[in-house]
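In: Kindly return the folded structure for what I paste below:
(chains A and B)
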Protein chains: 2
Amino acid sequence: MKLRDLGEDRLLNELLPRLSPGKAVVAGPGDDCALVETHDRGRLLVLKTDCVVEDVHFLPGTNALDVGWKAMMRPLSDFAATSAVPQYALVTLILSERIDVAWVKQLYQGLRRAANRFHVSIVGGETSSTPGPIAIPVSVIGFVERDRWVSRGGGKPGDDLFVTGQLGGALKRKHLRFIPRLMESRWLTKNFSIHAMMDLSDGLGADLPRLARASKVGFKIETESLPLSRGAKINDAISKGEDYELLFAVPRRESKRLQKKWSRKFPKLALTHIGSLTPQSARSLSAAAGNPQLRGGYVHFQQSS
Amino acid sequence: MKLRDLGEDRLLNELLPRLSPGKAVVAGPGDDCALVETHDRGRLLVLKTDCVVEDVHFLPGTNALDVGWKAMMRPLSDFAATSAVPQYALVTLILSERIDVAWVKQLYQGLRRAANRFHVSIVGGETSSTPGPIAIPVSVIGFVERDRWVSRGGGKPGDDLFVTGQLGGALKRKHLRFIPRLMESRWLTKNFSIHAMMDLSDGLGADLPRLARASKVGFKIETESLPLSRGAKINDAISKGEDYELLFAVPRRESKRLQKKWSRKFPKLALTHIGSLTPQSARSLSAAAGNPQLRGGYVHFQQSS
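Out: This is a model prediction of the structure:
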């Protein structure tokens, strides 16, 4: 069987159970970040690697600053999902020898700007020449307090579901210039009981079922309440990826206080109550059935059950 | 200017000074590993990323187990150079969709075997599809006691220079199956004052001048005393890379005790005294001048002064 017939998710599922992480690993392959024990009993070490590839994550000819920015911000968005603090980055540039040195310098400037924004130090670099498309793997290392890390797996039936920002319009331009919700995520775990959280990289229709599956719960979404980017339709918000907004679950009793405090703390960033978690059997996207526009999200949803 | 006209070393030299690592960074870009402060005052966090690329580090058709092994062992060899303990690895597979899933599974088995050998846990994985050559970036994270880390930069005039194993024969097969000298390196820093150390990845003729430059010293090598792999000539030992043996500098007063204890502790692995460090002006490869076979090493040597 060829790789194209299997798909990345299934390949990882086949490989990952064999990785047998050690005893010190609190959360490993399959979650947004890996979390491991250290000698510091109050903190966990947080590790994440991600890779942007030409023709997959950006088109040939994209501004090098934007490419560097995106390559750094993608793993930082996983830190936001975990409510962890990123500190150090290792960057590999897999480039063609025909690329202009000026382009590479711009690329590095994009990486550096993104890292600086969140006080991350790029401590290691490596370049490899290939005739293939550009690929930029970035590994980020940081920490999270033991009582503040969040995974996809802690959601409970009855929890309210929220998303930050607007959904569905990222592929026009935002996917190259997004700002990971690190500040917001840290504020959330400092002030509220966040049961489960993830960043939306593949679209709500693919990502929400992952959170539900990890939490062993169902979900109910009012698709009419989804916050839409300008020009986006409900279907875009469900099936289009690369929003890099936060999706999280909080106990219903905290929802009112959260909404009130949020609008004071982050007046420019929307926070929208989109639905709730339910007992496992009750997954549904309301209005999904019979609405062909929702099929993209609905198909993803079906795969998850 | 195109990348091919500049070369990797010069590109990194142009980019790295701009990385401005933070205050917590003890050693950063340019050394074998990056070392950073943590909340644990007795230990430093150690970070390294490396990448093997098809057609550069292995030929198309190479056994997948060997490719995975090499991809993991290369960054672990940098940990040996630093005398650090590797603990966690993040792996990215950049693969063509046309690759057989069976090949990918073998690749992972090679990565896993290599990691297991040194009790390293693979805690994160990521795959990306490209039509280009296979590339496998691996990031490794671990620690080193603050009083045991070694860099290239601590050598002193008068120090004796040693290498482990044999040199010059790696490209036939060893480069795919080498065992990083982690155990030996940890033993060395536990029992001796290792002033400077590195792993030999580009050949003695390229690597020794790097150690000398970082230590701001010169060196004197008796090329006749170089330990040669079966079938290798002196020139191979100087100019051929991928030996992944250790090169290190110790105070002369410790040399005798080192040689005696080494042969008892590691009876199957040669340790060879190949020369010494000198004041900065006195760099020389004895017998280099006039011996055309040494030019490869000699050219590297010239670049370094």
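
In: The stretch 101-250 of chain A against chain B: which residues are in contact?
Out: A:101-102, A:104-105, A:108, A:112, A:119, A:121-133, A:135, A:137, A:139, A:141, A:143 (C-beta under 8 Å from any C-beta of the partner chain). The C-beta positions use only the backbone N, C-alpha and C, and glycine is treated the same way.

In: Quick one: classify A:Val123 as helix, strand or coil.
Out: At A:Val123 the chain is in strand, as set by DSSP: H, G, I helix; E, B strand; the rest coil.

In: Output the below-cut-off pLDDT ranges for the stretch 201-305 of chain A.
Out: For the stretch 201-305 of chain A, applying pLDDT under 70 flags the ranges A:281-305.

In: before we move on, what SS does the residue in it that chain B sits nearest to have?
Out: Using C-beta to the nearest C-beta, the single residue of the stretch 201-305 of chain A nearest to chain B is A:Ser201, 12.1 Å away. State at A:Ser201, reduced to three classes by three-state DSSP: coil.

In: Spell out the residue ranges of the helices in chain A.
Out: A:3-6, A:8-15, A:64-82, A:101-117, A:175-177, A:182-191, A:204-215, A:234-239, A:252-265, A:295-304 (DSSP state H).

In: Next, count neighbours for A:Pro131.
Out: 10 (other C-beta atoms under 10 Å in any protein chain shown).

In: wait, it sits on B:Thr130?
Out: No. Counting by C-beta atoms under 8 Å, A:Pro131 does not reach B:Thr130; the two are 11.1 Å apart.

In: any idea how far the spatially closest residue to A:Arg186 that is not a sequence neighbour is from A:Asp32?
Out: Sequence neighbours aside, A:Ser83 is the residue nearest to A:Arg186 in space, at 6.0 Å (criterion: C-beta to C-beta, 6 or more residues apart in numbering or on different chains). Look at A:Ser83 and A:Asp32: by C-beta to C-beta, to the nearest Å, they are 10 Å apart.

In: Kindly write the PyMOL command that selects the buried subset of the residues of the stretch 101-250 of chain A next to chain B.
Out: To isolate the buried members of those in PyMOL, using 16 or more other C-beta atoms under 10 Å in any protein chain shown:
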select buried, chain A and resi 101+104+105+108+112+121+122+123+124+125+126+127+128+129+130+132+133+135+137+139+141+143
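
In: Can you name the residue of chain A nearest to chain B?
Out: Counting by C-beta to the nearest C-beta, chain A gets nearest chain B through A:Gly132, at 1.5 Å.

In: for that residue, what are its contacts?
Out: A:94, A:96, B:130-133, B:135 (C-beta atoms under 8 Å, 6 or more residues apart in numbering or on different chains).

In: Could you check how many residues crowd around the nearest residue to A:Ser193 once chain neighbours are set aside?
Out: Sequence neighbours aside, A:Pro251 is the residue nearest to A:Ser193 in space, at 5.8 Å (criterion: C-beta to C-beta, 6+ apart). Neighbouring residues of A:Pro251 were enumerated by other C-beta under 10 Å; the total is 15.

In: quick one: A:Pro251 and A:Ala196 touch, right?
Out: No. The pair formed by A:Pro251 and A:Ala196 falls short of the contact definition of C-beta under 8 Å, at 11.2 Å.

In: before we move on, back to that, tell me the one among the contacts of A:Gly132 nearest to A:Ser229.
Out: The closest of those to A:Ser229 turns out to be B:Thr130 (C-beta to C-beta; 29.2 Å).

In: For A:Phe192, what are phi and psi?
Out: phi -140, psi 160 (degrees, to the nearest 10).

In: burial of it, as a residue count?
Out: A:Phe192 has 17 nearby residues by other C-beta under 10 Å.

In: OK, contacts around the residue nearest to A:Ser129 when sequence neighbours are not counted?
Out: Distances taken as C-beta to C-beta, 6+ apart put A:Glu97 closest to A:Ser129, at 4.8 Å, once the chain neighbours are dropped. Shown in contact with A:Glu97 (C-beta under 8 Å, 6+ apart): A:129, B:2-4.

In: Show the pLDDT at A:Glu97.
Out: At A:Glu97, the pLDDT value in this model is 80.

In: With the one 5 residues further on instead?
Out: Among the per-residue scores, A:Ala102 holds a pLDDT of 91.

In: And for A:Val25?
Out: Confidence for A:Val25, expressed as pLDDT, is 73.

In: Roughly how far does it sit from B:Gly124?
Out: Per C-beta to C-beta, A:Val25 is found 10 Å from B:Gly124.

In: same check, this time on A:Ser139
Out: 8 Å.

In: shared neighbours, these two?
Out: Common neighbours of A:Ser139 and B:Gly124 (C-beta under 8 Å, 6+ apart) are A:47-49, B:90.

In: Any chance of these in a markdown table with pLDDT, distance to A:Arg173 and neighbour count as columns?
Out: Putting the shared contacts of A:Ser139 and B:Gly124 into a markdown table (pLDDT from 0 to 100; distance: C-beta to C-beta, whole Å; neighbours: other C-beta atoms under 10 Å in any protein chain shown) gives the following:
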| residue | pLDDT | distance to A:Arg173 | neighbour count |
| --- | --- | --- | --- |
| A:Leu47 | 95 | 30 | 26 |
| A:Lys48 | 95 | 25 | 30 |
| A:Thr49 | 94 | 26 | 27 |
| B:Leu90 | 95 | 29 | 27 |
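
In: Dump these into a markdown table; add distance to A:Asp160 as well.
Out: A markdown table is the format used below for the shared contacts of A:Ser139 and B:Gly124 (distance: C-beta to C-beta, whole Å):
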| residue | distance to A:Asp160 |
| --- | --- |
| A:Leu47 | 30 |
| A:Lys48 | 27 |
| A:Thr49 | 32 |
| B:Leu90 | 34 |
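
In: ok, back up a step: who wins for most neighbours among the contacts of A:Glu97?
Out: Most crowded among these, counting by other C-beta under 10 Å, is B:Leu3 at 21 neighbours.

In: ok, that residue - contacts?
Out: B:Leu3 touches A:95-101, A:104, A:129, B:11, counting by C-beta under 8 Å, 6+ apart.

In: closest to A:Asp159 among the contacts of A:Gly132?
Out: Nearest member of the contacts of A:Gly132 to A:Asp159, counting by C-beta to C-beta, is B:Thr130, at 39.2 Å.

In: ok, the closest one - contacts?
Out: A:53-56, A:132-133, A:135, B:94-96 are the contacts of B:Thr130 under C-beta under 8 Å, 6+ apart.
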